[in-house]
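In: here is a sequence with its predicted model. Questions after.
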Amino acid sequence: MTVGGRVGALWIGGLEPYMDENFLQTAMNMMGETNVVSIKVMTNKITGEPAGYGFVNFDSDQTAIIAMHRLGGKIIPNSNPPIRFKLNHNSTRLQPGEIDTSIWVGDLTPEVDDYAL
């Protein structure tokens, strides 16, 4: 582990209730992502229901960032209705004095992917 988060971790959001760890692992495999170490879908602590987000852990930050750029905005295989990958990396590990320029953008039309942004 490193200060500020787990090495190789991506946040994944916009998950449907049926999208559990096994579903996401299969989707990652279908998209050619073979360096996934673990996947955890978060649940509501009160209801136990899926919270709609989770974490995908890769073997390194570099692998995670490449996967984020490769998958971001693409359709998750076997999602019904079709759902797009919404991934984010913990980019808050800044050097002293470095300005944080990260931004989160959501609710874009399906035509907008990472390349378009």
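Out: It's in.
In: so Met28 touches Val36, yeah?
Out: Yes: counting by Cβ atoms under 8 Å, Met28 sits close enough to Val36 to count as a contact (5.0 Å). (Each C-beta comes from the backbone N, C-alpha and C, glycine too.)
In: what strand or helix carries Asn80?
Out: For Asn80, there is no enclosing helix or strand under DSSP states H and E.
In: I misspoke; the intended subject was Ile12.
Out: Going by DSSP H and E, Ile12 is part of strand 9-13.
In: hmm, back to that, what touches both of Met28 and Val36?
Out: Counting by Cβ atoms under 8 Å, 6 or more residues apart in numbering, the contacts common to Met28 and Val36 are Val56.
In: tell me which of those two has more neighbours.
Out: Set side by side, Met28 and Val36 show more neighbours around Met28, with 22 against 19, by other Cβ atoms under 10 Å.
In: what lies in contact with the helix or strand hosting the more buried one?
Out: For Met28, the element it lies in under DSSP H and E is helix 21-30. With contact meaning Cβ under 8 Å, 6+ apart, helix 21-30 is reached by 12, 15, 36, 39-41, 54, 56, 76-79.
In: may I have that helix as CSV, with CA atoms only?
Out: Output in CSV follows, covering the C-alpha atoms of helix 21-30 (Å, rounded to 0.1, in the frame of the first residue of the first chain):
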residue,chain,number,x,y,z
GLU,A,21,-17.3,-9.3,-8.7
ASN,A,22,-17.7,-12.3,-10.9
PHE,A,23,-19.6,-10.4,-13.6
LEU,A,24,-17.0,-7.7,-13.6
GLN,A,25,-14.1,-10.2,-13.7
THR,A,26,-15.6,-11.9,-16.7
ALA,A,27,-16.1,-8.5,-18.4
MET,A,28,-12.5,-7.5,-17.7
ASN,A,29,-11.3,-10.8,-19.2
MET,A,30,-13.5,-10.3,-22.3
